[in-house]
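Colleague: generate a structure from the sequence data that follows.
(chains A and B)
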Amino acid sequence: MDVIFGNLDLWGEAIGNTLLVFLIGGLIALVLGIIVGAMRVSPVPIARGVGTAYVNIVRNTPLTLVFFFFVFGYPQLGLPDLSNTVLGILAIGIYTATYVAEVLRAGINTVPVGQAEAARAIGLPFGQVMTLVVLPQAFRSVVPPMMSVFIALLKNTTVAAGFSIAELAALRATINDAPGRPGNPMEVLLWVAIVFVVLVLAMSAVQRHLENKWRIAR
Amino acid sequence: MTSVLYDVPGPRAIARNRILAVVTILVVLGAIGFVVYRMYATGQFEPQKWYIFTFTNVWMGIFGALGKTLGAFALAAVLSLILGFVLAIGRLSDHAWVRIPVGVIIELFRAVPVLVFMMLLYYGLPVIGIDMDPYWAVVIGLMVYNGSVLAEALRAGIESLPKGQKEAGYAIGLRKSGVMRLILLPQAVRAMLPVIVAQLVVTLKDTALGFIITYPELLYYAKLLSSQQGRPILQSAFVIGGIYIVMCLILAGIAKWVEVRTRRSPKLKGYTPDAGGDPRIHGESTVTEVIAMQRGAGKFDPGSGVPPTNI
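Modeller: Model (predicted):
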């Protein structure tokens, strides 16, 4: 227990940073993912091509390498200085956006063609076809896999530890390097693992709840 | 590709789509152009920055690191497949004392981030006197995580099979192990093959986490190169990134190919879990029960006495 109460300040900072990367990164991923997802189902072939290229390239790059580009590569371009945390948030947001886009696309594709056809047949215009028939169904089938994407995002925040961002997975190094701090690497990492298990299990419980609540009867 | 979202465009829609296409091109070219301009302005294209890639030694080093990456990937892939099968079978066991602990283990292993698990092995174990090579920390970390993900995939595959498959197995006198080994697993593996290959792509990508615990794989080598004379940071990231993307695209291509093939295979028709289902499954009842019901429908219909029309 010393490892927690002797280092409360460090734990607070680490958990705060992890949540910061998670929340802001998630927000970027959501906004960018919706744009890319819309491009991938749009009637404009060039937009589809750009969306596909983005998803294929970024999704097949290891997250660690995306971080490498942002944290080590960005300062090479002589642009305004950004802190490692900001660059890391950008990296994880841009990486996760590809998964968000794919989930959205898959969700829209689960709506049977007949639904939109029926809506058009009774004379609804495009706006109503989308808002009354297609999107509500797509949204329901999208929420559970979207939660999985965010669970993965939460776990992926640990990669930031390799790029001097003081979040949970970096706590071992922080405590190790500070002289006189209680706790050995094993204890610190076990507690970090427990924190993640609790957070992830809580998120999966929410996911299961939503899945049951919004299951579509077809 | 049919889309539910839009009609075949008419003249106005075509004009609007053209405008959108031009805007897309301008935005993308603008973004790429800006990055290229910044790279040019900061001298990233100067020969001295790329000079390092003219040495045979450097390329030998890259191939060596590639070998390390692939070595960790191959062993982790095989081990995680084995672990996946073991955990899936344990999870489906009839004995609660096997099923429940295995379920807990799967949930735990899936919830701990891979990197934290690797760090526990590499930095944590020495505390209790076990020194672990980074190679084994990477391999075991990947095995444990991907094994439990694969276990869930296999379980989903087995549970998506029609109940009649298992019943038919027991009916011809197979034992539990025989039903699992000869009837259920082969079909589940086939149905889940795309998921399994996709998980292998994840495994390959996650070998790059080894960089953080000093396993000398590709990305670690990129970091090494970027500290050489001239500091070609972006350049090594581009070269190594290209290698990763090509490897992952090949694997992802295999996954896609497998998926298309299994979808076409007549042996698998109806077993795909999300394709709208097996026409032979009617609600909760098994095929045998349905046939019995259909047989009985005309003669012994206890209902209205009106012969059922088209069901």
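
Colleague: from here on, contacts and neighbour counts on C-alpha atoms
Modeller: Noted.

Colleague: and the helices in chain B?
Modeller: Assigned by DSSP state H, the helices in chain B fall at B:11-41, B:47-50, B:56-91, B:96-111, B:114-119, B:134-159, B:163-171, B:176-178, B:185-206, B:218-226, B:233-264, B:287-300.

Colleague: can you name the residue of chain A nearest chain B?
Modeller: residue A:186 (3.9 Å; Cα to the nearest Cα).

Colleague: quick check: that residue touching residue B:122?
Modeller: No: the pair residue A:186 / residue B:122 is not scored as a contact, 9.6 Å apart, by Cα atoms under 8 Å.

Colleague: compare those two (neighbour count), which wins?
Modeller: residue B:122 (25 against 20; other Cα atoms under 10 Å in any protein chain shown).

Colleague: for that one, what are its contacts?
Modeller: B:131, B:132, B:133, B:134, B:137, B:213 (Cα atoms under 8 Å, 6 or more residues apart in numbering or on different chains).

Colleague: try residue B:147
Modeller: So residue B:147 contacts B:79, B:80, B:81, B:82, B:83, B:84, B:87 (Cα under 8 Å, 6+ apart).

Colleague: same question, residue B:93
Modeller: Contacts for residue B:93 (Cα under 8 Å, 6+ apart) come out as residue B:99.

Colleague: do the same with residue B:42
Modeller: Applying Cα under 8 Å, 6+ apart, the residues contacting residue B:42 are A:76, A:77, A:78.

Colleague: give the contact list for the second one.
Modeller: Just to be clear, that refers to residue A:77. So residue A:77 contacts B:38, B:39, B:41, B:42 (Cα under 8 Å, 6+ apart).

Colleague: likewise residue B:141?
Modeller: Residue B:141 neighbours (Cα under 8 Å, 6+ apart): B:114, B:115, B:117, B:118, B:121.

Colleague: that one and residue A:60, how far apart?
Modeller: Per Cα to Cα, to the nearest Å, residue B:141 is found 20 Å from residue A:60.

Colleague: can you list the weak-confidence ranges in the stretch 201-311 of chain B?
Modeller: B:265-311 (pLDDT under 70).

Colleague: one step back: which of the contacts of residue A:77 count as buried?
Modeller: Among the contacts of residue A:77, those scoring as buried are B:38, B:39 (criterion: 16 or more other Cα atoms under 10 Å in any protein chain shown).

Colleague: neighbours around the closest residue to chain A within the stretch 151-300 of chain B, how many?
Modeller: The minimum distance from the stretch 151-300 of chain B to chain A, using Cα to the nearest Cα, falls at residue B:205 (4.7 Å). Residue B:205 is flanked by 23 other residues according to other Cα under 10 Å.

Colleague: could you find the closest non-adjacent residue to it?
Modeller: residue A:62 (4.7 Å; Cα to Cα, 6 or more residues apart in numbering or on different chains).

Colleague: same check, this time on residue A:4
Modeller: Using Cα to Cα, 6+ apart, the closest residue to residue A:4 is residue A:11 (7.2 Å).

Colleague: what secondary structure does that neighbour sit in?
Modeller: Judged by DSSP: H, G, I helix; E, B strand; the rest coil, the three-state class of residue A:11 is helix.

Colleague: show the contacting residues for residue 159.
Modeller: Just so you know, I chose chain A. So residue A:159 contacts A:63, A:64, A:169, B:115, B:209 (Cα under 8 Å, 6+ apart).

Colleague: please go with chain B instead
Modeller: Taking Cα under 8 Å, 6+ apart as the test, residue B:159 contacts no residue whatsoever.

Colleague: about what we covered before: check the helices of chain B for me: which has the lowest mean pLDDT.
Modeller: Of all those, the minimum mean pLDDT falls on helix B:287-300 (a mean of 45).

Colleague: compute the number of surrounding residues for the residue nearest to residue B:205.
Modeller: 25.

Colleague: residue B:186 now?
Modeller: 13.

Colleague: tell me how far the residue nearest to residue B:205 lies from residue A:160.
Modeller: In terms of Cα to Cα, residue A:62 sits 13 Å off from residue A:160.

Colleague: so the residue nearest the centre of chain A is in which element?
Modeller: In chain A, the residue lying closest to the centroid (Cα atoms, centre = their mean) is residue A:153, at 3.8 Å. Secondary structure assigned from DSSP states H and E places residue A:153 in helix A:135-156.

Colleague: so does that helix get close to chain B?
Modeller: Yes: for helix A:135-156, a contact with chain B is found by Cα under 8 Å from any Cα of the partner chain, at A:155, A:156.

Colleague: buried residues in stretch B:209-216?
Modeller: Neighbour-count burial for stretch B:209-216 [16+ other Cα under 10 Å]: B:209, B:210, B:211, B:212, B:213, B:215, B:216.

Colleague: kindly export it (C-alpha atoms) in CSV.
Modeller: Extracted in CSV, the C-alpha atoms of stretch B:209-216 (Å, rounded to 0.1, in the frame of the first residue of the first chain):
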residue,chain,number,x,y,z
LEU,B,209,5.6,-2.4,-28.6
GLY,B,210,8.8,-4.3,-28.0
PHE,B,211,10.6,-1.1,-28.9
ILE,B,212,9.5,0.3,-25.5
ILE,B,213,11.0,-2.6,-23.5
THR,B,214,14.2,-2.4,-25.6
TYR,B,215,13.6,-5.5,-27.7
PRO,B,216,15.9,-4.8,-30.8
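
Colleague: kindly reformat the contacts of residue A:77 as CSV containing distance to residue A:44.
Modeller: Below are those laid out as CSV (distance: Cα to Cα, whole Å):
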residue, distance to residue A:44
B:38, 30
B:39, 31
B:41, 34
B:42, 36
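
Colleague: list the buried residues in the helix or strand bottoming out on mean pLDDT in chain A.
Modeller: Using mean pLDDT, DSSP states H and E, the weakest-scoring helix or strand in chain A turns out to be helix A:2-5, at a mean of 74. Buried residues in helix A:2-5, counted by 16+ other Cα under 10 Å: A:3, A:4.

Colleague: go on, stretch A:84-102?
Modeller: A:84-102.

Colleague: now swap in stretch A:124-133 and tell me
Modeller: For stretch A:124-133, using 16+ other Cα under 10 Å, the buried residues are A:124, A:129, A:130, A:133.

Colleague: residue A:141: which of the residues you listed is nearest?
Modeller: residue A:133 (13.2 Å; Cα to Cα).

Colleague: any idea how many residues pack against residue A:208?
Modeller: 13.

Colleague: swap in residue B:228?
Modeller: Residue B:228 has 11 neighbouring residues, counting by other Cα under 10 Å.

Colleague: relative to residue B:221, how far out is it?
Modeller: 11 Å.

Colleague: hmm, back to that, show residues contacting the helix holding residue A:153.
Modeller: A:22, A:26, A:92, A:96, A:99-100, A:103-104, A:106-111, A:196, A:200, A:203-204, A:207-208, A:210-211, A:214-216, B:111-113.

Colleague: 7 Å instead?
Modeller: Defining contact as Cα atoms under 7 Å, 6 or more residues apart in numbering or on different chains, one finds that helix A:135-156 is touched by A:22, A:96, A:99-100, A:103-104, A:107-108, A:110-111, A:200, A:203, A:207, A:210-211, A:214, B:113.

Colleague: kindly report the same for stretch B:193-207.
Modeller: Counting by Cα under 7 Å, 6+ apart, A:61-62, B:69, B:72-73, B:77, B:138, B:142, B:146, B:150, B:248, B:251-252, B:255, B:258-259 sit against stretch B:193-207.
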